[in-house]
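Chemist: Sequence below, structure please.
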Amino acid sequence: MITTFENIAYDESIIIKSRRHILSILPSIIVFVILSILPIIIVIIAFSLEIPIFKYPNINILLLSASCYYMIYLLVFTSELISYYYDLLLVTKNNVISIDQSGMFSRKILLFNLEQIEDINAHVTGFIPTFFNFGNIIIQTAGTKELTIIKGMPNPQKIASKIMELRNIHTQD
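Modeler: Sure, this is the predicted structure:
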């Protein structure tokens with residue numbers, strides 16, 4: 001497992017370039033939709049129950065509170081979208097590169113030489129992932145006990161079999 005691109009040749013062509021499946025972030029999207037509507041529902045309920053603070057509201061405090069809430073909301077939502085967009089799996093003729101963007105300012109890049117890969121599996125669990133064919137790719141490399149899990153990839157069986165095919169071709173040479 002190498003975290004620099006020093007071992008990649010300039011003439012290597014990308015065989016597979018894959019981003020996480022859009023439905024892999026479906027739970028986050030549902031949470032963000034609920035959180036965007038939540039303040040409106042709270043205000044409607046407060047007005048209908050005639051809570052004293054909302055009977056004669058100080059508009060400045062309400063606007064400031066709503067602005068802070070939605071700024072934080074948009075920051076977290078943007079961070080999630082950036083994480084989705086920059087999570088990437090690249091497979092070349094010699095290497096597998098996994099780029100995992102976690103947050104706005106943190107990125108983890110894993111580079112596996114095909115010769116180091118001992119085992120690769122695809123796991124699809126649940127109704128929605130099975131129906132839309134996305135899941136996790138699990139890579140076991142030589143010399144490490146920990147597994148590398150690449151989450152939410154479309155067609156994980158196809159990607160895993162292509163990586164094993166490339167590995168077998170690469171090790172025969």
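Chemist: for stretch 42-59, the distance to its chain's centre please.
Modeler: The chain centre lies 39 Å from the centre of stretch 42-59; the measure is Cα atoms, centre = their mean, to the nearest Å.
Chemist: Could you do stretch 160-173 as well?
Modeler: From the chain centre to the centre of stretch 160-173 is a distance of 26 Å (Cα atoms, centre = their mean).
Chemist: counting contacts, what elements does the longest helix along the chain pack onto?
Modeler: Criterion DSSP state H: the longest helix present in the chain is helix 59-86. In terms of contacts (3 or more Cβ pairs under 8 Å, 6 or more residues apart in numbering; DSSP states H and E), helix 59-86 is packed against helix 26-48, strand 95-101. (C-beta placed from N, C-alpha, C; glycine too.)
Chemist: could you give the angle of the first one to helix 59-86?
Modeler: With axes from the mean of the first three to the mean of the last three Cα atoms, to 10 degrees as the basis, helix 26-48 and helix 59-86 are set at 170 degrees to each other.
Chemist: Just the residues contacting helix 26-48, thanks.
Modeler: Helix 26-48 is contacted from outside by Ile53, Phe54, Ala66, Tyr69, Tyr70, Tyr73, Val76, Phe77, Glu80, Ile128, using Cβ atoms under 8 Å, 6 or more residues apart in numbering.
Chemist: so who does the residue most central in space within the chain touch?
Modeler: With distances taken as Cα atoms, centre = their mean, Tyr84 lies nearest the centre of the chain, 4.4 Å away. For Tyr84, the contact set (Cβ under 8 Å, 6+ apart) comprises Arg19, Arg20, Ile22, Ser24, Ile25.
Chemist: Strands - which of the residues you listed land there?
Modeler: Among those, DSSP state E puts Arg19 in strands.
Chemist: Quick one, which of the contacts of Tyr84 are buried?
Modeler: A residue is treated as buried here by neighbour count (16 or more other Cβ atoms under 10 Å); on that basis the buried members of these are Arg19, Arg20, Ser24, Ile25.
Chemist: Mind pulling up the pLDDT for the last one?
Modeler: Listed pLDDT for Ile25 reads 88.
Chemist: Tell me how far it lies from Lys151.
Modeler: In this structure, Ile25 and Lys151 are 10 Å apart, going by Cβ to Cβ, to the nearest Å.
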